[in-house]
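Trainee: pasting the sequence and the predicted coordinates here, then a few questions.
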Amino acid sequence: MLKERMMRAWQFTEVGAPLTLNEVPTPTPAADELVVHVRAAGLCHSDIGFLDGTLTPLLPFRPITLGHEIAGVVSAVGSDVTQFTVGQKVVIPAAIEGPGTSKNGGFADEVVVLERLVVPLPEGVPFDQAAAATDAGLTSYHAVSVQGKVTAGSRVGIIGLGGLGSLGAQAARALGATLFVAEKNERVHDFARSLGAERVANDITDFAGEDLDVVIDFAGFGTTTDGAIRSVRRGGRIVQVGLGLARAEIDLQALTLNEVELVGSQAGTKEDCAAVLDLVAEGKLSSRITEIGFEEIADGIGRLERGEVIGRLVATFG
């Protein structure tokens, strides 16, 4: 009998415990699946939610390998797979039904995934940027392009220039919008200007006279949404992405009398991910990435939890 192949995997075991590095069997694909040799895996605040109990009910079993921002190379394909071949570079867009949430994820040497969830990686896009695009990238793009309906000539306000907001700002500029950025952390104001912002301020209400068509709130602290309502033009649109608070008070009078549209935005689609990857390939969008090694993943989660990371934290490994 052949000896079962084993690999390394960072696994969630119980609420309140750190990730555990375990030896687990290397996956084999079912007929409609393929196996990806992971080259980069992004670390996400959702991973903190799995560990602290906030999002744990989403996980179907434990121990489970986390990691839902994945880029790599196809290493095996199932008998029914027709769209991908061994050796092809791919990404796995973040999805509730995908790896790192509904099945073992990408904090491992290899990950198995349904063919229908996979997106080809364009030439010239590095694995670390590709991994970041699978979650933060597609979420930001979906908020700007799909829910925000931003097009060339739109006047767009961005609230919060963190990992998501900076990508949203770049997406808006790539679509031809005029950009206004509200960010309390003045240390990143120069970064906002480097992205092409027309104006930068501490608060979105500073742009109340700028006739903003769309305001996208990547912070979500209630006061930010309320400020957006009071800053967007009559008949304008506000897209809510950030969830700094679960509940908040907003100015219903301003919302109603100015016929402001308020919509939510969460994650995105395969098509959104493909569009983001194309923007990365064209040099129009990139994440601020801090790279770590595979062995540093558990420590990286701690750095995220303590707020020590600017931009996106991505583990790159062979």
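Mentor: Perfect, I can see it now. Residues are numbered from 1 along each chain as shown.
Trainee: check which helices and strands the longest strand seen in the chain sits against.
Mentor: Looking across the chain with DSSP state E, the single longest strand is strand 33-43. Packing partners of strand 33-43 (3 or more Cβ pairs under 8 Å, 6 or more residues apart in numbering; DSSP states H and E): strand 69-77, strand 110-114, helix 127-132, helix 297-305, strand 312-316. (C-beta placed from N, C-alpha, C; glycine too.)
Trainee: between it and strand 110-114, how many degrees?
Mentor: On the basis of axes from the mean of the first three to the mean of the last three Cα atoms, to 10 degrees, strand 33-43 is oriented at 120 degrees to strand 110-114.
Trainee: can you give me how far strand 33-43 is from the chain middle?
Mentor: Averaging C-alpha positions (Cα atoms, centre = their mean, to the nearest Å) puts strand 33-43 16 Å from its chain's average.
Trainee: swap in stretch 252-268?
Mentor: 23 Å.
Trainee: now do stretch 143-157
Mentor: The answer for stretch 143-157 is 18 Å, by Cα atoms, centre = their mean.
Trainee: other residues contacting that stretch?
Mentor: 168, 171-172, 175-182, 204, 207, 210-216, 218, 228, 231-233, 237, 239, 241, 263-265, 268, 272, 275 (Cβ atoms under 8 Å, 6 or more residues apart in numbering).
Trainee: select only the buried ones of those in ChimeraX?
Mentor: Typed into ChimeraX, the line below selects the buried ones among these, using 16 or more other Cβ atoms under 10 Å:
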select :168,171,172,175,177,178,179,180,181,182,204,207,210,212,213,214,215,216,218,228,231,232,233,237,239,241,265,268,272,275
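Trainee: can you tell me the SS state at the spatially most central residue of the chain?
Mentor: The centroid of the chain falls nearest to Ala136 when counting by Cα atoms, centre = their mean (1.7 Å). Secondary structure state of Ala136, per DSSP: H, G, I helix; E, B strand; the rest coil, is helix.
Trainee: need the contact list for it.
Mentor: 42, 44, 69, 163-164, 167, 287, 312.
Trainee: now with 6 Å, please.
Mentor: 163-164, 167, 312 (Cβ atoms under 6 Å, 6 or more residues apart in numbering).
Trainee: now, those that are in helices?
Mentor: Residues of those located in helices (DSSP state H): 163-164, 167.
Trainee: highest neighbour count among these?
Mentor: Within the ones in helices among the contacts of Ala136, neighbour counts (other Cβ atoms under 10 Å) peak at Leu167, which reaches 32 neighbours.
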